[in-house]
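Peer 1: Kindly generate the corresponding structure for this input.
(chains A and B)
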Protein chains: 2
Amino acid sequence: MENNKIEKKLSKMAKRVKSSIIRELLKYSTQPDMISFGGGVPDPETFPRHELAKISSEIIEKEYKVALQYSTTEGDPILREEYLKLLKRRYGIDGLSLDNILLTSGSQQALDLIGRIFLDEDSICAVSSPVYLGAASAFSIRTQRFINVPLEDDGMDVDFLEKQLKDLDKKGLMNKFKFTYVVSNFHNPAGVTISLEKRKKLLELAWKYDFYIVEDDPYGSLRYEGEHIPNIFKLGDIEHVILLNTFSKILCPGLRIGAVIGDKSIVRKLVMAKQSADLCSPALTQRLVGRYLQRYDIFERLSKTLELYRSKLTTMMNAFEEYLSEIKGTKWTKPQGGLFSWVKLPENVDTMDMLELAKEKKILYIPGEVFHIDGKGKNYMRVSFCLPTQEQIVEGTKRLVQVIQEYQAKSG
Amino acid sequence: MENNKIEKKLSKMAKRVKSSIIRELLKYSTQPDMISFGGGVPDPETFPRHELAKISSEIIEKEYKVALQYSTTEGDPILREEYLKLLKRRYGIDGLSLDNILLTSGSQQALDLIGRIFLDEDSICAVSSPVYLGAASAFSIRTQRFINVPLEDDGMDVDFLEKQLKDLDKKGLMNKFKFTYVVSNFHNPAGVTISLEKRKKLLELAWKYDFYIVEDDPYGSLRYEGEHIPNIFKLGDIEHVILLNTFSKILCPGLRIGAVIGDKSIVRKLVMAKQSADLCSPALTQRLVGRYLQRYDIFERLSKTLELYRSKLTTMMNAFEEYLSEIKGTKWTKPQGGLFSWVKLPENVDTMDMLELAKEKKILYIPGEVFHIDGKGKNYMRVSFCLPTQEQIVEGTKRLVQVIQEYQAKSG
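Peer 2: Numbering: from 1, shown residues only, chains lettered A, B, ... in the order given. You can find the predicted model right below:
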């Protein structure tokens, strides 16, 4: 069919869905000499490959009737059980049963399923501005009605949110409001963590106005300094908080294991949605992680990874202080964990526009506007320190400064 | 939140999605003494476990930078390349490039993504009656407007379809009509194969009325007798046919590898939809199958599996002839391949209602009504011969006859 005919066959959703620039930039990141501050891609040297190789061969040989067969939609019971233990031991989250967990194909699937079961065309939800790209994508194909809550150094501006909720309530629209989505620790892209006070305030609002808090916490275990703040899920109640987690950053992303923890009736709905989305996740990858957790202390092993990332973060912060600070009007977040810093450049810099020049100079970052549903963020960029080497971080920062200076000179 | 409050938060889609009885029945199938004609679950003894164990350990050790890392959304290039070779060698399908393939998390994800990119609330599509459950589920959460085309022994009633299309055209509704979904070989649940004539007729209709044929072919390589009929995709053109395939039945289901083959612009849209659905499939399982295909001739190895299934099918057909034929008004399809036969019972039998009795008697099947969007099929059942042993097939048939007789006696 010709393009205009194809266009007519496509759904509203197909027209709304946009290609992720992060995945597009992946192509460039493999060019020789390219330094990428782009993707939130873990360092493969941190993957426990010898252990995983051994276990994978063992389970395929001995547990083939499970590991190579269809799994249940809910996910491998062994992994779910191990995951419950981990939640208890690590975060003090207790009192859950297998029915409170659904294993997903990474956190992205969890976001998609949450979009599916909650959002209609006229639904409203609240997200931070900037917002995690994957969440924005999963939600915005279903509704365009967002409350974009400004993000501050200690998390979402909860007073702003409260005002908006009051306003919705006044207009009789609270029945359309489904959830508030937050990344509680080391926000992607902004690197900030929600303070204890704001976590409590969010819960108060959820109780008062009866909505869900979707707490996405992929980076909570990647803390390099400071004290762990209890999860909103732990502070609150299972009837108002849905917790999302993933093994992508603490083990490896290539197995695509995420988890949703929530109220049984919600998990049940998510399971049905997953049945229709892909029947079940691969049994092999689930059993592999389940057996790994039984055999090894994942957090003990993570400590080496944390050391590596901590040191890379320090290198980046020092390089920014030394080189990036030369550019007037530049600010960046100093995260206590996670994978990202969020850089504010002078107002006259459009980071999307500057990307071509950056590619030429062999340095990649993610332009800030892609993390905004509301079209803002043009003079911001997300940078990650986890994949480049220490030398590349310093060299990359120098290149970045050059790029900005040249860009500013050109655009006057 | 209380149940009525939760109910109010849920989307239309969440309310539409139903739990699959097939997956629910899985629980019962593991009871001791239970014989299951239920799931289309392959026999795990056919899985090449030694080979997969070895390759999996090798790729995790040596290719960990790929196998444990994020994959591209399109899927592992090595597997896509091997898959193209396989399509050429096996089906004579030629002239495709990597951009024509998207690897999915089983065929179910392909169905879901197709639903996403084509179907709005007011879209229309055509399916067979009975229809594959997974397709019905993926499509019916998005639209309720179906043309249910009766299935005959040589496939869909194309004259019926044509009449309906003419009718739509007359009403000016052809712009709402998106695709016709067919299982070309050894239909699930009906076991029937579309004849060459009907394949050609379907293509004529697609050309005339400009719609897509979504050709789902999970069982095409499981032919036990007769001649292979060329795929609709091969007979037709890439601008009107989208081909779905899977490794679940020819290798193993636990890796969840499906593939969509289509026009580049359609594949591109599906890729974007998949980005938002789960970013990417596991790199490990994709690379595992890719390397397996490089090292082994999957179809040569399949011949032992075919022998096994062929013999089980013969056993079931003989047992049906001997025992089931005792029950008046009973008919069943005699498939030339695949995993299923479709049994028609006397009108007074409601197979869903009879299921409780069947469970008691330790025999499972899938009630026919679940394969119907239009509420028909109450006196049908789907039976599969692939997982039970030869002895269980005979014993199971005897139990089935008992169940039907008792049920008929009870209901008068």
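
Peer 1: Going by C-alpha atoms from here, please, whenever you check contacts or count neighbours.
Peer 2: Fine.

Peer 1: what's the spacing between the residue in the stretch 151-300 of chain A that chain B sits nearest to and B:Val149?
Peer 2: Chain B sits closest to A:Gly254 of the stretch 151-300 of chain A, with a gap of 3.9 Å, by CA to the nearest CA. Distance, A:Gly254 to B:Val149, using CA to CA, to the nearest Å: 42 Å.

Peer 1: Compare those two (neighbour count), which wins?
Peer 2: A:Gly254 (26 against 22; other CA atoms under 10 Å in any protein chain shown).

Peer 1: need the contact list for that one.
Peer 2: Counting by CA atoms under 8 Å, 6 or more residues apart in numbering or on different chains, A:Gly254 touches A:248, B:66-71, B:282-284.

Peer 1: I'd like to know the phi and psi angles of the residue of the stretch 151-300 of chain A closest to chain B, please.
Peer 2: Backbone torsions of A:Gly254, given as degrees, to the nearest 10, read phi -70, psi -10.

Peer 1: so what pLDDT did it get?
Peer 2: A:Gly254 is assigned a pLDDT of 96 by the prediction.

Peer 1: do the same with A:Asp374
Peer 2: Per-residue pLDDT puts A:Asp374 at 83.

Peer 1: Likewise for A:Glu2?
Peer 2: A:Glu2 carries a pLDDT value of 79.

Peer 1: if I look at it, how far off is chain B?
Peer 2: As judged by CA to the nearest CA, to the nearest Å, A:Glu2 and chain B stand 8 Å apart.

Peer 1: Chain B contacts on the stretch 51-200 of chain A?
Peer 2: A:52-54, A:56-61, A:64-72, A:105-109, A:112, A:116-120, A:134, A:137-138, A:175-178 (CA under 8 Å from any CA of the partner chain).

Peer 1: Nearest to chain B within the stretch 301-412 of chain A, name that residue for me.
Peer 2: The stretch 301-412 of chain A approaches chain B most closely through A:Leu387 (11.8 Å), counting by CA to the nearest CA.

Peer 1: That residue reaches A:Thr46, doesn't it?
Peer 2: No. Counting by CA atoms under 8 Å, A:Leu387 sits too far from A:Thr46 to count as a contact (10.4 Å).

Peer 1: Between the two, which has more neighbouring residues?
Peer 2: Using other CA under 10 Å as the criterion, A:Leu387 and A:Thr46 rank with A:Leu387 on top: 22 against 17.

Peer 1: so who does A:Ile55 touch?
Peer 2: Applying CA under 8 Å, 6+ apart, we find A:Ile55 in contact with A:288, A:291-292.

Peer 1: Most neighbours among the residues you listed, please name it.
Peer 2: Counting neighbours by other CA under 10 Å, A:Leu288 comes out on top of the contacts of A:Ile55 with 24 neighbours.

Peer 1: Was I right to think that one contacts A:Leu52?
Peer 2: Yes. Using CA under 8 Å as the test, A:Leu288 is close enough to A:Leu52 to be in contact (7.2 Å).

Peer 1: Give me the helix or strand of chain A that scores worst on average pLDDT.
Peer 2: In chain A, no helix or strand scores lower on mean pLDDT, DSSP states H and E than helix A:21-29, which sits at a mean of 75.

Peer 1: Show me the contact partners of that one.
Peer 2: A:34-36, A:38-39, A:359, A:364, A:366, A:370, B:72.

Peer 1: quick one: A:Ser123 and A:Phe179 touch, right?
Peer 2: No. Between A:Ser123 and A:Phe179 there is no contact, the gap being 9.6 Å when judged by CA under 8 Å.

Peer 1: Strands along the stretch 301-412 of chain A, start to end?
Peer 2: Using DSSP state E, counting those that start in this stretch, the strands of the stretch 301-412 of chain A run over residues A:331-332, A:340-344, A:363-364, A:366-367, A:380-384.

Peer 1: Next, format the ones you listed as JSON lines and append mean neighbour count, distance to chain B and mean pLDDT.
Peer 2: Shown next, in JSON lines, are the strands of the stretch 301-412 of chain A (neighbours: other CA atoms under 10 Å in any protein chain shown; distance: least, CA to the nearest CA, whole Å; pLDDT from 0 to 100):
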{"stretch": "strand A:331-332", "mean neighbour count": "19", "distance to chain B": "27", "mean pLDDT": "96"}
{"stretch": "strand A:340-344", "mean neighbour count": "24", "distance to chain B": "18", "mean pLDDT": "97"}
{"stretch": "strand A:363-364", "mean neighbour count": "27", "distance to chain B": "18", "mean pLDDT": "96"}
{"stretch": "strand A:366-367", "mean neighbour count": "24", "distance to chain B": "17", "mean pLDDT": "94"}
{"stretch": "strand A:380-384", "mean neighbour count": "27", "distance to chain B": "16", "mean pLDDT": "97"}
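
Peer 1: Now tabulate these in TSV and tack on distance to B:Lys200.
Peer 2: Converted to TSV, these look like this (distance: least, CA to CA, whole Å):
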stretch	distance to B:Lys200
strand A:331-332	63
strand A:340-344	56
strand A:363-364	51
strand A:366-367	49
strand A:380-384	53
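
Peer 1: related to what we said a few turns ago, list the ones among the contacts of A:Ile55 that fall in helices.
Peer 2: If you go by DSSP state H, the contacts of A:Ile55 have A:288, A:291-292 in helices.

Peer 1: From those, pick the one nearest B:Tyr224.
Peer 2: When the ones in helices among the contacts of A:Ile55 are compared for distance to B:Tyr224 (CA to CA), A:Leu288 wins out at 35.0 Å.

Peer 1: and that closest one, what is it in contact with?
Peer 2: A:52, A:55-56, A:59.

Peer 1: swap the cut-off to 6 Å and go again
Peer 2: Contact analysis of A:Leu288 by CA atoms under 6 Å, 6 or more residues apart in numbering or on different chains lists A:Ser56.

Peer 1: what's the next secondary structure element after the helix or strand harbouring A:Ser107?
Peer 2: Under the criterion of DSSP states H and E, A:Ser107 resides in helix A:106-118. Later in the chain than helix A:106-118, the nearest helix or strand by DSSP H and E is strand A:124-129.

Peer 1: what is the rounded mean pLDDT of the helix or strand just after that following strand?
Peer 2: Scanning forward in sequence from strand A:124-129 by DSSP H and E, the next helix or strand is helix A:133-140. The pLDDT scores in helix A:133-140 average 94.

Peer 1: Check stretch A:87-101 too.
Peer 2: For stretch A:87-101, the mean per-residue pLDDT is 94.

Peer 1: Looking only at it, what residues are buried by neighbour count?
Peer 2: If you call a residue buried by 16 or more other CA atoms under 10 Å in any protein chain shown, then stretch A:87-101 has these buried ones: A:91, A:93, A:96, A:98-101.

Peer 1: farthest-separated two in those residues?
Peer 2: Checked with CA to CA, the buried residues of stretch A:87-101 reach their widest spread between A:Tyr91 and A:Asp99, with 19.0 Å between them.

Peer 1: From A:Tyr309, how far off is A:Arg301?
Peer 2: Counting by CA to CA, the gap from A:Arg301 to A:Tyr309 is 14 Å.

Peer 1: ditto for A:Asn148
Peer 2: Distance of A:Asn148 to A:Tyr309, computed by CA to CA: 31 Å.

Peer 1: swap in A:Gly220?
Peer 2: According to CA to CA, A:Gly220 and A:Tyr309 sit 14 Å apart.

Peer 1: ok, now A:Ala259?
Peer 2: Counting by CA to CA - A:Ala259 and A:Tyr309 are separated by 24 Å.

Peer 1: How about A:Gly226?
Peer 2: Per CA to CA, A:Gly226 is found 15 Å from A:Tyr309.

Peer 1: What is the burial count for A:Val41?
Peer 2: Number of residues near A:Val41 (other CA under 10 Å) recorded here: 20.

Peer 1: secondary structure class for A:Ser276?
Peer 2: Following DSSP: H, G, I helix; E, B strand; the rest coil, we place A:Ser276 in the helix state.
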